[in-house]
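Visitor: Coordinates for the following, if possible.
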Amino acid sequence: MRTTFQALVPTTHPHVGPTLHLLHGTKRIFFDEGEGRVKIFSCAVADHSDLADVHRSSRLGEQFSEFRDADASGATLLIDGATEGWSFSEKIAEGLHRILEELSIAPARVLVVTTNHLFTEDYRAWCNSRNVAPVNLFIYDYWAYKIAAELVDQAGSLEQALMQPIPEPKVSSKLLTYNRVFKAHRAAVVLQLQRNGELASSHASFMPDARPLPSDEQERMGSYLASLGWPSLTDLMPEWPELARKVPLTADRTAEDEYLSYVFGTILADIYAHVGFAVITESDFGVGRVDRVTEKPFKAIANRCPFVLVGQAGQLARLSSLGLIMGEMADPSYDTIACADKRLATCLRLIDELSRKSLVQLEEDRRRQADTLDANFRTLVELASQVSMGRLADKLAEALP
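Guide: Below you'll find the predicted structure:
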């Protein structure tokens, strides 16, 4: 029998959270109006630092207290961070267990959801070292299912999504790369494009929703980049003053609105259809103990667009674990390079090699890879069936006490 839920949405700051919204808000699985087989009191958490001091976050503090005061028999407190992939932090764990003890909430009644596949190992080790009863954990690749569900919604059904024809590539720009938040690997990608004179022939953004940077902020960011001591980045630093003066750098006139759509819903098919490839600068790069994939590569896959992934070691393997085929641009060699700088250098060389091709050559590349790109598109779409048929809900239920 399909798992059914009774969602006990907090009256204070009501929000079902990304996981329950994926299952219920899009009408893929029915929640009982009355007594569901599984009762969940859901709290969405984007900033994991809020868990270090729940009292500091009025929203979370009120929701935790409401869960305690409601004394919902048999209900589970769902702390839903499915949009995030936090690395384990002792400070966070200590803060969470402290508030649970203060409110007399048994850890067995709590389920934490995240996308970091290394979180369980680190958290369990911490609990064992302190002889602390652990909360329950549910780790899954939220963004893969989220983007798959969007594709099915847009097409009207799973069958219609799978029947969509392979679009004919018409490449008019070299590449697409969105770089919203200032991070070193993103700066390196844009700095190289600037040095090679390829910004004008690409859809490239860098801090698109920021204001022009004051001179002291430009210097502070430049000093930070230099302090990393990455040779691949040091080589590009002469370009930094010019790039810093360009901030905000937008992909085109409406880049800010498009970026927000890129994250929160729209697939941006028109842009992806006209670029040779995408450079995906992931949220994590050189970050210890994080194994997750955000929405970014799935957007490219959803548009059958080849991409270079500039991210954590092992992220291509994570994509492969979902059944996706890593094409010729997703060079598996850089996926095993542990050193952040060496991995960045490898990525930059690949991006340089590809971006030096003509638009005609890039269009031919896309045509040659069409079968692989379509196979990945279909694999991604079919993940939506795990949601619509209840398998994801069953997995969630299995993680509950």
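
Visitor: can you list the domains in this structure?
Guide: Following the assignment in automatic domain parsing, the chain carries domains at 5-142+387-399, 170-368.

Visitor: Of these, which is nearest residue 380?
Guide: Evaluated over the domains of the chain, closeness to residue 380 peaks at domain 170-368, with 5.2 Å, by CB to CB. Where you see a C-beta, it was placed from the backbone N, CA and C, and this is true even at glycine.

Visitor: ok so, going back, distance to residue 150 and mean neighbour count for the domains of the chain - can I get that in TSV?
Guide: Converted to TSV, those look like this (distance: least, CB to CB, whole Å; neighbours: other CB atoms under 10 Å):
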stretch	distance to residue 150	mean neighbour count
domain 5-142+387-399	9	18
domain 170-368	7	18
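
Visitor: and the ones you listed, which one's lowest on average pLDDT?
Guide: Per-stretch mean pLDDT for the domains of the chain is lowest at domain 5-142+387-399 (a mean of 83).

Visitor: okay, stretch 237-247 in PDB with CA atoms only?
Guide: Presented in PDB, the C-alpha positions along stretch 237-247 are these (Å, rounded to 0.1, in the frame of the first residue of the first chain):
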ATOM      1  CA  MET A 237      44.800  37.600 -10.900                       C
ATOM      2  CA  PRO A 238      46.100  40.400 -13.200                       C
ATOM      3  CA  GLU A 239      42.500  40.300 -14.600                       C
ATOM      4  CA  TRP A 240      40.800  40.800 -11.200                       C
ATOM      5  CA  PRO A 241      40.800  44.700 -11.100                       C
ATOM      6  CA  GLU A 242      39.000  44.900 -14.400                       C
ATOM      7  CA  LEU A 243      36.500  42.200 -13.500                       C
ATOM      8  CA  ALA A 244      35.800  43.700 -10.100                       C
ATOM      9  CA  ARG A 245      34.900  47.000 -11.800                       C
ATOM     10  CA  LYS A 246      32.400  45.200 -14.000                       C
ATOM     11  CA  VAL A 247      30.400  43.700 -11.100                       C
END
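
Visitor: For residue 158, find the nearest of the domains of the chain.
Guide: Comparing the domains of the chain under CB to CB, the one sitting nearest is domain 5-142+387-399, at 6.8 Å.

Visitor: follow-up on the earlier one: residue 159: which of the domains of the chain is closest?
Guide: Here domain 5-142+387-399 is closest among the domains of the chain (CB to CB), at 11.4 Å.

Visitor: which non-adjacent residue is nearest the residue nearest the centre of the chain?
Guide: In the chain, the centroid-proximal residue (CA atoms, centre = their mean) is residue 294; its distance is 1.7 Å. Among residues not flanking residue 294 along the chain, residue 283 sits closest, at 5.0 Å (CB to CB, 6 or more residues apart in numbering).

Visitor: Contacts only, for that neighbour.
Guide: 85, 181, 294, 296, 311 (CB atoms under 8 Å, 6 or more residues apart in numbering).

Visitor: Just confirm the second one is within a helix.
Guide: Think residue 181. No. Read with DSSP: H, G, I helix; E, B strand; the rest coil, residue 181 is coil and lies in no helix.

Visitor: still on that earlier bit, would JSON lines of the domains of the chain with distance to residue 381 be doable?
Guide: Output for the domains of the chain, formatted as JSON lines (distance: least, CB to CB, whole Å):
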{"stretch": "domain 5-142+387-399", "distance to residue 381": "11"}
{"stretch": "domain 170-368", "distance to residue 381": "8"}
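
Visitor: Done for today, thanks.
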